[in-house]
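A.B. asks: just a sequence and a predicted model for now, questions to come.
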Amino acid sequence: MKMKLLIANRGEIALRIIRTCRKLGIRTVLVHSDPDRESLPVYYADERYPLGGSTPGETYLNIPKIIKAAVGTRCDAIHPGYGFLAEDASFVAACEENHLTFVGPPSEALEKLGNKLLARRTMHEAQVPIIPGSDGQLRDEDVAVEVAERIGYPVIIKAVYGGGGRGMRMARTSEEVRRFFRVTKLESASAFGRDVLYLEKQLIDPRHVEIQALADSRGKIVTLGERECSIQRRHQKLLEEAPSVALDEKLRERLCDAAKKGLAAARYVNAGTVEFLLDKSGRFYFLEVNKRLQVEHLVTELTTGIDLVEEQLKIASKEPLGMSQNDVHVNGWAINCRINAEDPKRGFSPSPGTVVRYHPATGPGIRVDSALYSGYTIPEFYDSMIAKLSSWGRNRDEAIRRMRIALDEMEIVGVPSTVALHMAIMNDDGFLQGNFDTSYLDHVLPRMNSALLEIERFAVAAGVASKMTLRSPPVQSQPSTSKSSWRSFARAKAVAQDWRAGW
C-alpha cells in the first residue's frame, strides 16, 4: 500500500490515524486551524498545512482549502476522520474530481444513506425492519399530525439530513407536533442547510445497538460484532461497550445479517456502522448508517484485534478484504468512556480552557486516545470531547473493574470534565446488572448531581492552586501550612471515594 495521506481532522482522531500510518509507513499531511497549531497531531504529522482561521467553517469544513492543501502537497488520498466533512457527499465528489482517493464510501452511497428517507426506503426494500413512520417528507403541519395520529403517539420529528443528536423533537400530542414541526424545520435549515422533515414512531426506552462492518470494492462484507450505545444524554453517546449484554447469539446473528443486507443494497464500500433500536420484546429496527469511522471504534478494535483505520486504508487502495467472516473472533469485553470538557454545574455545557495538569491512566487492558497534555488550551470552537478512555477485560466484570481504576487514576486539572460522571456510572447497580436503556441517564442523573458538583468543586480548586504554584517563585523547603494543588486534588479524590463507597 503506497500513498501519501492528508488528514482532514484534528485532535485525538487525527493522532489515532497518524499512528496507524506510521505503522504502515504512510507519509501524512495534517491540515490545521490557528488554535490547533500547537496540538499533538500537528507535532507528529510528517507535514503540516495551516488552513488559516479558527472556526470550523474557515478550516475543517472548508472544502476548497482542504482540496488545495491535498493537491499542493501531492497527496494521493484524504482521510476525513469523523465529524466535519466525513459524511459530506459534495466533499467526496470534490475529491473524485481532483483524482484524490477518499478514505470512505463513494459519493453515491453517501447520498443514498445521508438522506434518511432514502436510507429507510433502501433498508425496507432489503427487508431490514424499519420504524413505522411517514413514507416521504412532511409537506406541512397538517400532514405531520395526520401521520402521527395514524401510527400513534409519541412520535419523533426528524430532519432528513440531520445527525449528531440534532434536528429531532419528540411529540406526545397534536399541539406538540405542530409546534415542534416549526421548531425542527428552522433548526434543520440552520444546522444542515435543508429544512426537509419526516416523522417516526417514538419507541419507549429502547436500547441502542450497532453493528460494525467492513465492505470492500468487490462486494464482500464482513461484520465485526456489535456495540452497545444506550447510555446517552440528549441523543449523544457517552459510553459504549462491546459486546452487548442484551444480545444472545441468535439475535446477534439476525442483526449482523440485517446489517449486511442493508449495506449490500446501498452498494456500500469501506468501514460503516449500521445502527438499530431494540425494543423490550427483542424486536429491532433500523435507525441509520454511520458512513465513517465511529468515535467508539476502539472497543471493536480491543475485542477483535483488528485495526479499523488500517482496514479503511487497504479498502481505499482497492485491496480485497483479507479476512472472512469465520476469521472474526470477539474476545473478552471492552468499555469506552467519552471524556468531555463539560461543566456539570451548568448543564454539562462545554468548558474550554487550559489543562493545568494531565495524567492519563495506564495499566493492563487500558487504552487512552487523546491529544491532551499539561498546558494545552482546549479551543472553544470545536467539540467538547477531549479523551476516550477504554478498558478491556476477559469478561464484563473485569473490564468494569479496570475502568474504575483507570478513572480513579486519570487526572485532568484546570477544566471541568465528565470523569466523575463515568465513575458514578461504573458504580451504579443498573449499569452493573446490564439493566439500562436510552433513558438511563434521565433516571440516574438527578441523584448523581450533588456528588458530581462536590467533586467538581474540589477539582476546580485543585486547578486554581496548581496555577498559583506554577506562577510562584521557588522558596526554601519548609513544612507546608497551606493547601497545595496536590492536597486539593487529594480532597477531591477523598470525596469521590466516600461517595463511591456509599453509592
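C.D. replies: Everything's here; your move.
A.B. asks: which non-adjacent residue is nearest the spatially most central residue of the chain?
C.D. replies: Centroid check for the chain by CA atoms, centre = their mean gives V295 as the closest residue, at 3.4 Å. Excluding the flanking residues, the one nearest V295 by CB to CB, 6 or more residues apart in numbering is Y82, at 6.0 Å. The way it works is simple: take the backbone N, C-alpha and C, and place the C-beta from them, glycine included.
A.B. asks: what about the stretch 151-300 of the chain, any weak spots by pLDDT?
C.D. replies: The model of the stretch 151-300 of the chain has pLDDT under 70 over residues 164.
A.B. asks: which strand is the longest one in the chain?
C.D. replies: Of all the segments assigned as strand in the chain under DSSP state E, the longest by residue count is strand 221-233.
A.B. asks: hang on, the earlier thing: the residue nearest to the centre of the chain: what's it in contact with?
C.D. replies: 13, 82, 237, 338, 385, 388 (CB atoms under 8 Å, 6 or more residues apart in numbering).
A.B. asks: one more pass at 10 Å, please.
C.D. replies: V295 sits next to 12-13, 81-83, 229, 237, 240, 336, 338, 369, 383, 385, 388 when contact means CB atoms under 10 Å, 6 or more residues apart in numbering.
A.B. asks: now render those residues as TSV, adding secondary structure, distance to S54 and neighbour count.
C.D. replies: Below are the contacts of V295 laid out as TSV (DSSP: H, G, I helix; E, B strand; the rest coil; distance: CB to CB, whole Å; neighbours: other CB atoms under 10 Å):
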residue	secondary structure	distance to S54	neighbour count
E12	helix	19	23
I13	helix	19	26
G81	coil	19	24
Y82	coil	20	16
G83	coil	16	21
C229	strand	31	25
K237	strand	27	20
E240	strand	30	28
N336	strand	29	28
R338	strand	24	20
D369	strand	24	21
D383	coil	14	17
M385	strand	18	22
K388	strand	24	22
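A.B. asks: on that earlier part again, and the longest strand of the chain, which strands flank it?
C.D. replies: Here strand 221-233 is paired, per DSSP bridges, with strand 207-215 (antiparallel), strand 236-242 (antiparallel).
A.B. asks: could you dump it to PDB, C-alpha only?
C.D. replies: Extracted as PDB, the C-alpha positions of strand 221-233 are listed here (Å, rounded to 0.1, in the frame of the first residue of the first chain):
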ATOM      1  CA  ILE A 221     -19.000  -7.600   3.600                       C
ATOM      2  CA  VAL A 222     -17.700  -8.800   7.000                       C
ATOM      3  CA  THR A 223     -19.300  -7.800  10.300                       C
ATOM      4  CA  LEU A 224     -17.200  -7.300  13.500                       C
ATOM      5  CA  GLY A 225     -19.800  -7.700  16.100                       C
ATOM      6  CA  GLU A 226     -21.900  -5.200  17.900                       C
ATOM      7  CA  ARG A 227     -21.500  -2.200  20.200                       C
ATOM      8  CA  GLU A 228     -23.900  -1.200  23.000                       C
ATOM      9  CA  CYS A 229     -24.500   2.500  22.900                       C
ATOM     10  CA  SER A 230     -27.600   3.000  25.000                       C
ATOM     11  CA  ILE A 231     -26.000   5.300  27.600                       C
ATOM     12  CA  GLN A 232     -26.700   8.700  26.100                       C
ATOM     13  CA  ARG A 233     -27.500  12.200  27.100                       C
END
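A.B. asks: got a pLDDT number for W486?
C.D. replies: On pLDDT, W486 comes in at 31.
A.B. asks: make that L445, sorry
C.D. replies: So L445 comes in at 86 (pLDDT).
A.B. asks: quick one: it from L238, how far?
C.D. replies: According to CB to CB, to the nearest Å, L445 and L238 sit 11 Å apart.
A.B. asks: okay, these two: which has more neighbours?
C.D. replies: Neighbour count, other CB atoms under 10 Å: between L445 and L238, L238 has more, with 23 against 15.
A.B. asks: now do the same contact list for that one.
C.D. replies: Each residue near L238 by CB under 10 Å, 6+ apart is listed here: 229-232, 336-340, 348, 385, 418, 421-422, 425, 440-441.
A.B. asks: nearest to V196 among the contacts of V295?
C.D. replies: Within the contacts of V295, the smallest distance to V196 is 21.8 Å, found for G83 (CB to CB).
A.B. asks: the closest one - nearest residue in space that isn't next to it in sequence?
C.D. replies: Spatial nearest neighbour of G83, excluding adjacent residues (CB to CB, 6+ apart): D383 at 6.7 Å.
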